[in-house]
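K.L.:
any chance you could fold what I've pasted below:
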Amino acid sequence: MRNLDSMIIIMYGAIVIFFLYRIYKQMKDKKKLEGGISTFKRPSSSFEMILFSVLVVTGGVNFYAGYQQGNKQSMLTALVMIALAIVFMISTRAKLSLAENGILANSNFRTYKEIRKWGFDTDNGDLVMVVKDSKGENRESTKVRKEDIEEINKLIRKYKLGK
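P.N.:
Reported below is the predicted structural model:
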C-alpha cells in the first residue's frame, strides 16, 4: 500500500511541475509581446471549477483523516493535492494577450505569421485558431468571454491583416 501512496505522490507532483512549467512559460513568453498589448480575462469552465473543488475537498479530507490517524504519507498526499489544485487554478486563470506582433494564449506565444485562420465558437465562447509551426498545422482553442469576441476579432484583423 505504501508503494501505491508513493506512486500517487510522484504522479501528483509531476502534474504540479507540469502546471508550474506552464505558468513559467506564460511569464517568459509575455516578454515577447511588443507594441500595444490588450489583455482579456478567460472565463473558467464548469469542468475546471469542478476539478478544482474536487481536488481541494479530497485533499482536505485526506489531510484531516491522515492527521487523525497520524499517517504522514496521507497528509503529504493531501498537501500535494491541494498544491495541485492551487497551481491548476492559477494556470487556468492566465489571460489572453494580443499584441502587435502576436497572441499569447494557453501558455503559447504565436506570431500572426503562424496563425493561418481564426474564428469563434460563439456558443461556447472559444477562440479557435489554425496554427502552422515546425510540427505542421494544428488547431488551438482558448476560452474567451462572449462580450470580448468582437473586440478580439477586431484586434486580430488589425494586427494580422492591417484592417
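K.L.:
where in the chain is pLDDT low?
P.N.:
1-2 (pLDDT under 70).
K.L.:
can you give me the strands in it?
P.N.:
Using DSSP state E, the strands of the chain run over 38-40, 96-98, 102-105, 108-111, 115-121, 126-133, 136-143.
K.L.:
so Lys30 is in contact with Leu104, correct?
P.N.:
Yes. Counting by Cβ atoms under 8 Å, Lys30 does reach Leu104; the two are 6.1 Å apart. C-beta here means a position set from N, CA and C on the backbone, and glycine is covered the same way.
K.L.:
please enumerate the shared neighbours of these two.
P.N.:
Counting by Cβ atoms under 8 Å, 6 or more residues apart in numbering, the residues touching both Lys30 and Leu104 are Ser97.
K.L.:
more neighbours: which of those two?
P.N.:
Set Lys30 next to Leu104 and count neighbours by other Cβ atoms under 10 Å: Leu104 wins out with 24 against 17.
K.L.:
buried sites along stretch 47-59?
P.N.:
48, 51-52, 55-56, 59 (16 or more other Cβ atoms under 10 Å).
K.L.:
closest one to Ser74 among the strands of the chain?
P.N.:
Closest to Ser74 of these is strand 136-143 (Cβ to Cβ; 34.8 Å).
K.L.:
re earlier: the strands of the chain into a markdown table, with extra columns for distance to Leu84?
P.N.:
What follows is these, written out as a markdown table (distance: least, Cβ to Cβ, whole Å):
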| stretch | distance to Leu84 |
| --- | --- |
| strand 38-40 | 26 |
| strand 96-98 | 24 |
| strand 102-105 | 23 |
| strand 108-111 | 22 |
| strand 115-121 | 29 |
| strand 126-133 | 25 |
| strand 136-143 | 21 |
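K.L.:
what's the closest of the ones you listed to Asn71?
P.N.:
Closest of these to Asn71 is strand 136-143, at 38.8 Å (criterion: Cβ to Cβ).
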